[in-house]
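*Asks:* Just a sequence and a predicted model for now, questions to come.
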Amino acid sequence: MHRPALHRSVAATLALFALSACDDGGGAPAISLPDAAPVVDAASDMAPEPEPEPEPDAAPDDPTAEVPYTAELDLPAEPFDYANAPIPAHFRVETLGFHGQRPAMDADNTPADNPVTDAGATLGRVLFYDTNLSSNRAVACASCHEAEHGFSDPRVFSEGFEGGLTGRHSMTLVNARFYAPGHFFWDQRAGTLEEQVLMPFQDPIEMGMTLDGLVTRVQNGDYYPPLFEAAFGDPAIDADRISRALAQFVRSMVSTGSRYDEGRAMVESRGDNFPNFTDDENIGKYLFSMPPPAGGFGCFFCHRGEAFIGLEAASNGLDAAPEDEGYGEVTGQSGHMGTFKVPSLRNVAIRPPYMHDGRFETLEEVIEHYSNGVQPHANIGLPFGVVGGQVPQLDMTVAEKRALRAFLRTLTDEEMLSDPKFGDPFVRP
């Protein structure tokens, strides 16, 4: 932020005449004036005091130099319903009953000491969209997790506050609540969501802040004290409360309004044909949900249950010898090398590019990889396996690829993507 220039009158006039000042080593500096300049008696009450020069703006990430700031928010008089948003019945049951399939609600990673509340998630929403919380006030969390792109980024790598690029593609935040291990980032280096939400602020490429600097920046936003008081009972602001509010907002991003959900509500089991699906969509659902011995492709092994999210980090055979070791780089364990967290497939059709490195631009490329491109990595997961140094390929037909793509498109939740409770609360110029 730039301060307005100070207006100067007498002091500015005197400055025009002061040609030089130097310290003679003996005390007071000697002042040289032109012959025509009027002399002012320094002892006189009439001697004007020169106005001080304005101090230059300090670095925006220097917490000692922060100044109060404001912004206009468009928040409803009554908070949106985050705490009691309806969860469909099929999130509470699992009818296939094999290979670790279980009700989505059983995988909820919400900690007992940080349940989602309306006021807490509202505060989290403001923090999530606030560009004031990056070093130069250029980007926010939402800059890399765009609602219209399924809370992911349409770019292969996200652009940080000074234009630098992240090392991996931005993962969707949808249904993060239902990742049972509770670890976050592709390499799972954050043990909880509460840990994860503070890390991008402190990343030198992403947002360029320090934790102390972040707290000071939030404290100086005049719209924050009442939001913190509503969420936590008093207006005190600290890093723990910032993390808890952001985590609440992210956990509220649950997708339940897709055509898949509409069809699922019409049947007893997700193995049944959905009345609102086309033939291709029902065939694609079968291929996705059933293991190879039953004529399917076993996609559910990694994208499980109604949340369509992983149970653990896995390798999908992108490379036989990957340069990025993912979770293995964090743990150092051989069984984790080349494995990555498995995100939810909700809204997958509208959030390319795909994979941790954004290598695939379209769903067609993703499906082709699973059909004939899987590489024999040592830690490759089901439904694949390595036989004689090779991976038996699924060899999908053109019709099967078409059906699988059609089914994946039924997971798009237009209702969620346009829901104002997940949108930008700031009134932008």
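*Replies:* Received the coordinates, thanks.
*Asks:* Check the contact between residue 284 and residue 411; I expect there is one.
*Replies:* No: assessed by CB atoms under 8 Å, residue 284 is found out of contact with residue 411, at 10.6 Å. Quick note: C-beta positions are derived from backbone N, CA and C, even for glycine.
*Asks:* any shared contact partners between these two?
*Replies:* The overlap between the contact sets of residue 284 and residue 411 (CB atoms under 8 Å, 6 or more residues apart in numbering) is empty.
*Asks:* so which helix or strand takes in the spatially closest residue to residue 297 that is not a sequence neighbour?
*Replies:* The shortest distance from residue 297 to any non-neighbouring residue, by CB to CB, 6 or more residues apart in numbering, is to residue 287 (5.2 Å). Assigned by DSSP states H and E, residue 287 belongs to helix 279-289.
*Asks:* Contacts made by that helix with the rest, please.
*Replies:* With CB under 8 Å, 6+ apart as the criterion, helix 279-289 contacts 96, 270-271, 273-274, 277, 295-297, 299-300, 400, 402-408, 410.
*Asks:* Report pLDDT for residue 59.
*Replies:* pLDDT for residue 59: 42.
*Asks:* And for the one 10 residues further on?
*Replies:* pLDDT recorded at residue 69 is 97.
*Asks:* Tell me the spacing between it and residue 414.
*Replies:* 35 Å (CB to CB, to the nearest Å).
*Asks:* same question, residue 336
*Replies:* Counting by CB to CB, the gap from residue 336 to residue 414 is 37 Å.
*Asks:* Pick out whichever of the two has more residues nearby.
*Replies:* More neighbours surround residue 336 than the other of residue 336 and residue 414, with 22 against 12 (other CB atoms under 10 Å).
*Asks:* for the more buried one, what are its contacts?
*Replies:* So residue 336 contacts 313, 326-328, 330, 379 (CB under 8 Å, 6+ apart).
*Asks:* The same query, at a cut-off of 10 Å, please.
*Replies:* 187-188, 312-315, 325-330, 379 (CB atoms under 10 Å, 6 or more residues apart in numbering).
*Asks:* Same check on residue 308?
*Replies:* Here residue 308 is in contact with 104, 174-175, 178, 255, 260, 288, 299-300, 302, 342-348, 408, 411 (criterion: CB under 10 Å, 6+ apart).
*Asks:* if you set the cut-off to 8 Å instead, what comes out?
*Replies:* Counting by CB under 8 Å, 6+ apart, residue 308 has contacts 175, 344-346, 411.
*Asks:* Over to residue 250?
*Replies:* Residue 250 sits in contact with 124, 128, 173, 176-177, 193, 197, where contact means CB under 8 Å, 6+ apart.
*Asks:* Which members of those define the maximum pairwise distance?
*Replies:* Within those, two members stand farthest from each other by CB to CB: 128 and 177, at 15.2 Å.
*Asks:* Tell me, how many residues neighbour residue 260?
*Replies:* 28.
*Asks:* quick one: the closest residue to it other than its chain neighbours and residue 176, what's the gap?
*Replies:* Spatial nearest neighbour of residue 260, chain neighbours left out: residue 410 (4.5 Å); criterion: CB to CB, 6+ apart. Using CB to CB, residue 410 is found at 21 Å from residue 176.
*Asks:* try residue 305
*Replies:* In terms of CB to CB, residue 305 sits 14 Å off from residue 176.
*Asks:* Provide the backbone phi and psi angles at the nearest residue in space to residue 427 that is not next to it in sequence.
*Replies:* Once flanking residues are discounted, residue 427 sits nearest to residue 72: 4.0 Å by CB to CB, 6+ apart. When quoted as degrees, to the nearest 10, the phi and psi of residue 72 stand at phi -100, psi 130.
*Asks:* Check the spacing between residue 72 and residue 125 real quick.
*Replies:* 15 Å.
*Asks:* between the two, who's got more neighbours?
*Replies:* Neighbours were counted for residue 72 and for residue 125 using other CB under 10 Å; residue 125 has more, 28 against 10.
*Asks:* Per-residue pLDDT of the more buried one, please?
*Replies:* 98.
*Asks:* Contacts only, for it.
*Replies:* Contacts of residue 125 (CB under 8 Å, 6+ apart): 249, 421-422, 425.
*Asks:* Within the helices and strands, which one has it?
*Replies:* helix 118-129.
*Asks:* Flag the shaky bits of the chain, pLDDT-wise.
*Replies:* Residues of the chain meeting the criterion pLDDT under 70: 1-65, 97-100.
*Asks:* got the contact list for the residue nearest the centre of it?
*Replies:* With distances taken as CA atoms, centre = their mean, the residue of the chain nearest its centroid is residue 145 (4.6 Å). Contact partners of residue 145, counting by CB under 8 Å, 6+ apart, are 128, 151-153, 170, 172-173.
*Asks:* Looking at these, which are in strands?
*Replies:* Nothing among these maps onto strands, per DSSP state E.
*Asks:* can these go into JSON lines with extra columns for neighbour count and distance to residue 135?
*Replies:* What follows is the contacts of residue 145, written out as JSON lines (neighbours: other CB atoms under 10 Å; distance: CB to CB, whole Å):
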{"residue": "128", "neighbour count": "24", "distance to residue 135": "17"}
{"residue": "151", "neighbour count": "28", "distance to residue 135": "23"}
{"residue": "152", "neighbour count": "27", "distance to residue 135": "23"}
{"residue": "153", "neighbour count": "22", "distance to residue 135": "19"}
{"residue": "170", "neighbour count": "23", "distance to residue 135": "19"}
{"residue": "172", "neighbour count": "23", "distance to residue 135": "25"}
{"residue": "173", "neighbour count": "26", "distance to residue 135": "22"}
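*Asks:* The residues you listed in helices, which ones?
*Replies:* residue 128 (DSSP state H).
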